[in-house]
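Visitor: Pasted the sequence and its predicted model underneath.
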Amino acid sequence: MMMKFAIALASSLFAGAVTAFAPAVFSRHRVTKTTQLYGRKPFISGNWKLNPQTKDEALTLAKEISASITEGSPDADIALFVPYVFIESAMGAVDGKLSVGAEGVCPEIKGAYTGAISTSMLKSIGVQWALAGHSERREIFAETDDYINAQCLRIIQEGMGVMLCIGEKLEEFEQDLAGSVCAVQLKKGLKGIAKDDLDKVVIAYEPVWAIGTGKVATPEIAQAVHSKCRKILAEMYDKEAANGVRILYGGSVTPDSVDDLMSQPDIDGALVGGASLDSQKFGRIINFKSAVPV
Ligand code: PGA
């Protein structure tokens, strides 16, 4: 009994501490995970990348996804990261039930940067979240840790939330370097970000070998790296701060894998690519079932 009371008390204390910054979303009340001990509300997010091909398809998809969020859904933050041109119409389609974020930002505020989109532009249309550091941006668009850090700093300066993506490549995983790669990407990505601003930061651990490959990391592998990431955050800040940061898993998450992943104590959500383009699949992921007892 005492234990349960202590957990409930700690839960309410931490919950108050970390929910200061929260996107406006449909309110649901079911507690689903013991990670709520640290006020870590689950966060399920989709990354549409260069999809879908038309505004009509985007509207239909956004509407169908928002319809899958019901009163019985887990009490989680839900966000869709969509191409810039679809942001405003997707926001209109989801009826406030989820956040619509940007897949990236330019760290510059204004000037001669053809093709770029600034945080102030995004904020002016109501965007609250943006991705940074996705492996496709690192690889295909040659974004460096310094550039990613500048994006994170700018997003936070604007009062928005950043989802910083990190993760190792296959050869690094095979050489047991996942923890070291994540340490470098976390330390460089979050350089200069104050502890007080960590409530605006979500980490997405996405092993590059699992992205779009159908090879999801086992829940045990993902849990081990998430736990390492939390230790690194504790070294960078402190244990309490690290316990408040949500760390999501990304890489071939599907309806079949989400429940086991969400049952791991350090996995606080998912960043979903391919399956977020299918409203039935993503709807099931949003309605995950965690085996972790409350
Ligand atoms: P995936 O993509 O789910 O298609 O593997 C994840 C991501 O890139 O965020």
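Guide: Nice, thanks for sending it over.
Visitor: what residues are up against the closest residue to the ligand within the stretch 51-200 of the chain?
Guide: Residue nearest to the ligand within the stretch 51-200 of the chain: residue 134 (6.3 Å; CB to the nearest ligand atom). Every C-beta, even on glycine, is put in place using the N, C-alpha and C of the backbone. Contacts for residue 134 were tallied using CB atoms under 8 Å, 6 or more residues apart in numbering; they are 47, 103, 104, 165, 206.
Visitor: Try it again at 6 Å.
Guide: residue 165 (CB atoms under 6 Å, 6 or more residues apart in numbering).
Visitor: which bits of the stretch 151-294 of the chain sit near the ligand?
Guide: Residues of the stretch 151-294 of the chain lying close to the ligand by CB under 6 Å from any ligand atom are 206, 211, 212, 250, 251, 252, 253, 271, 272, 273, 274, 275.
Visitor: how about a cut-off of 8 Å?
Guide: 165, 204, 206, 210-214, 216, 250-253, 271-276 (CB under 8 Å from any ligand atom).
Visitor: Any quick PyMOL command for the buried ones out of these?
Guide: Buried members of these, defined by 16 or more other CB atoms under 10 Å, are picked up in PyMOL with:
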select buried, resi 165+204+206+210+211+216+250+251+252+253+271+272+273+274+275+276
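Visitor: contacting residues for the residue lying closest to residue 246 once chain neighbours are set aside?
Guide: Closest residue to residue 246 apart from its sequence neighbours, by CB to CB, 6 or more residues apart in numbering: residue 268 at 4.1 Å. Going by CB under 6 Å, 6+ apart, residue 268 touches 35, 40, 42, 246, 247.
Visitor: Swap in 7 Å and give it another go.
Guide: 35, 40, 42, 43, 246, 247, 248 (CB atoms under 7 Å, 6 or more residues apart in numbering).
Visitor: thinking again about what came up before, state the pLDDT value of the residue of the stretch 51-200 of the chain closest to the ligand.
Guide: Residue 134 is assigned 98 on the pLDDT scale.
Visitor: could you measure it against residue 148, distance?
Guide: 9 Å (CB to CB, to the nearest Å).
Visitor: Can you give me the neighbour number for the residue nearest to residue 127 when sequence neighbours are not counted?
Guide: Closest residue in space to residue 127, ignoring its immediate chain neighbours: residue 102 at 5.5 Å, by CB to CB, 6+ apart. Look at residue 102: counted by other CB atoms under 10 Å, it has 23 neighbours.
Visitor: ok, now residue 144?
Guide: Neighbours around residue 144, by other CB under 10 Å: 10.
Visitor: and if you look at residue 111?
Guide: Counted with other CB under 10 Å, the neighbours of residue 111 add up to 8.
Visitor: Check whether it sits in a helix, strand or coil.
Guide: coil (DSSP: H, G, I helix; E, B strand; the rest coil).
Visitor: Please, where are all the helices along the stretch 101-250 of the chain?
Guide: Here the stretch 101-250 of the chain has its helices, by DSSP state H, counting those that start in this stretch, at 119-124, 135-139, 145-157, 170-174, 178-189, 219-236, 239-244.
Visitor: want to try JSON lines for the ones you listed, with mean neighbour count as columns?
Guide: Shown next, in JSON lines, are the helices of the stretch 101-250 of the chain (neighbours: other CB atoms under 10 Å):
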{"stretch": "helix 119-124", "mean neighbour count": "17"}
{"stretch": "helix 135-139", "mean neighbour count": "18"}
{"stretch": "helix 145-157", "mean neighbour count": "21"}
{"stretch": "helix 170-174", "mean neighbour count": "14"}
{"stretch": "helix 178-189", "mean neighbour count": "20"}
{"stretch": "helix 219-236", "mean neighbour count": "18"}
{"stretch": "helix 239-244", "mean neighbour count": "17"}
